[in-house]
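Visitor: Fold the following and give me the result.
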Amino acid sequence: MAKELDALKKGIEEKKQAKDGGQARASDQPQEKAFESVDLDQVERIVDKMKKKYSEEGLSFEEVGGNLSELRGIIAEGKQTGVQIQRVEELQEFKNPTVKTLGSFYMALRKPLSPIVAFFKTLPVVKELGYYLYSANMQFSVQQYIALTTSVSIIFGLMIFISAGILIAILSKDWDILPLLAYSIPVILGFFSFLFVALIMFFMPKAQAEKRGEAVSAELPFALRHMATELKSGIGLYRALQAIAVADYGVLSQEFSHTIAEIEEGTDAQDALRHLALRTQSKALRTALTHIVRALKTGGNLSEVMGNIAEDVSFELQQKTKEFAEKMNFFGVIFIFMAIVLPVFVAILGSIRNAPLGSSGSMFSSLPLDPMMIAIFYLAVMPMILIYLIFYLKMSQPKS
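Guide: Here you go, the predicted structure:
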């Protein structure tokens, strides 16, 4: 197996050097012939063995689009842009000082932390982590990101544990706290803080990928019209893609730059566009790319197709914005009542309930609005209500 892997890697490196002009023309022919004779079943077996053997050693084989078939195709064709083999040890070589520090912390405690890493790997969210890291353009392998998550979670959990322990020790001087309760509270808080931070870290790549997708959708109608204009003037699709890549379309320009890099390294234009559709979280861009690829296959008028797609995308965005505005009309009424009317109403009732009216049998005396309940309402209930309203507002925003 090791010989097969070494031979495959050597062939890939030699082909890449030949494309860059580093090899003589005489040696090009046997290299190409070697790649033409690659047995796909053999590649599949090698990939499976590599993933099984090296996954525990910190190696992660990232796959374009999150599909193993993409990895097989890339290896068989000798393309390395979609395969990233990054060891956890490389975190200590990052230029970012925070990542470097977290990587050093993990490497110092790698053996004691291995059970935690093994537990993290069993979580369902980790199964899609590689795809969302790739989609979010986060330059980490799965193993590296799990190591960073473990370090951040451990550090945060220890900080909460120590802070809660110090607070309990101070309060125990004035309050009669049971020893078992005094020891258990910091442990429980530290443990749940560790899990909470770990879940946030694991969901962060997906959130970042969706955020990039929203940014892509916002710029897409303008970019499609730009491409349609370029194509009408007689410029080819590749030059039109280059024009978008160098233009100021934010995240969309970055994604097109990746596509241009794939094409320049030998990927077919249709395959590169399909890879872009796989990694993006923008539904509008995926739809547009599907129509573009179909037009390339059938020989349709690309400029006309892109103009129509731009109109459709603009119409969909307008409809989503209109629906969001209608929801906000109702949300405004709810927000005014929950955030303004309700607190004032509780304050008035609480003042009447606790005022010395001289009549203990009044209708307000039965209200559970003593000073402690009022404090709980304003310090706990109201923040929860406001957080829920903000979360609802965030979730109601038009998505890509």
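Visitor: Ser392 and Phe331, how far apart?
Guide: Actually, residue 392 is Tyr. It isn't Ser. 7 Å (Cβ to Cβ, to the nearest Å). Any C-beta I mention is one placed from the backbone N, CA and C, and that applies to glycine too.
Visitor: Ser104 too?
Guide: 47 Å.
Visitor: What residues sit buried inside stretch 194-209?
Guide: 194, 197-198, 201-202, 204-206, 208-209 (16 or more other Cβ atoms under 10 Å).
Visitor: Looking at those residues, which are in helices?
Guide: Per DSSP state H, helices hold the following members of the buried residues of stretch 194-209: 194, 197-198, 201-202, 204-206, 208-209.
Visitor: what does the domain assignment say about this structure?
Guide: 1-85, 214-316, 323-396 (automatic domain parsing).
Visitor: rank those by pLDDT, which is bottom?
Guide: Sorting those by mean pLDDT places domain 1-85 lowest, at a mean of 47.
Visitor: For the stretch 251-400 of the chain, which segments count as helices?
Guide: 251-264, 269-279, 283-298, 302-336, 342-354, 371-376, 382-396 (DSSP state H, counting those that start in this stretch).
Visitor: closest to Gly234 out of those?
Guide: Evaluated with Cβ to Cβ, those place helix 302-336 nearest to Gly234, the distance being 9.8 Å.
Visitor: quick check: angle from that closest one to helix 283-298?
Guide: 170 degrees (axes from the mean of the first three to the mean of the last three Cα atoms, to 10 degrees).
Visitor: Tabulate the ones in helices among the buried residues of stretch 194-209 (TSV), appending distance to Tyr131.
Guide: Listed next are these as TSV, based on distance: Cβ to Cβ, whole Å:
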residue	distance to Tyr131
Phe194	25
Val197	22
Ala198	19
Met201	16
Phe202	13
Met204	14
Pro205	9
Lys206	9
Gln208	13
Ala209	8
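Visitor: wait, which of those is closest to Leu285?
Guide: Distances from Leu285 to these, taken by Cβ to Cβ, are shortest for Ala209, at 12.7 Å.
Visitor: Pretty sure Ser135 is one of the things that closest one touches, is it not?
Guide: Yes: with contact defined as Cβ atoms under 8 Å, Ala209 reaches Ser135; the gap is 3.9 Å.
Visitor: joint contacts of the two?
Guide: Common neighbours of Ala209 and Ser135 (criterion: Cβ atoms under 8 Å, 6 or more residues apart in numbering): Gln281.
Visitor: picking that back up, out of Ser104 and Phe331, which sits in the more crowded spot?
Guide: Phe331 (15 against 12; other Cβ atoms under 10 Å).
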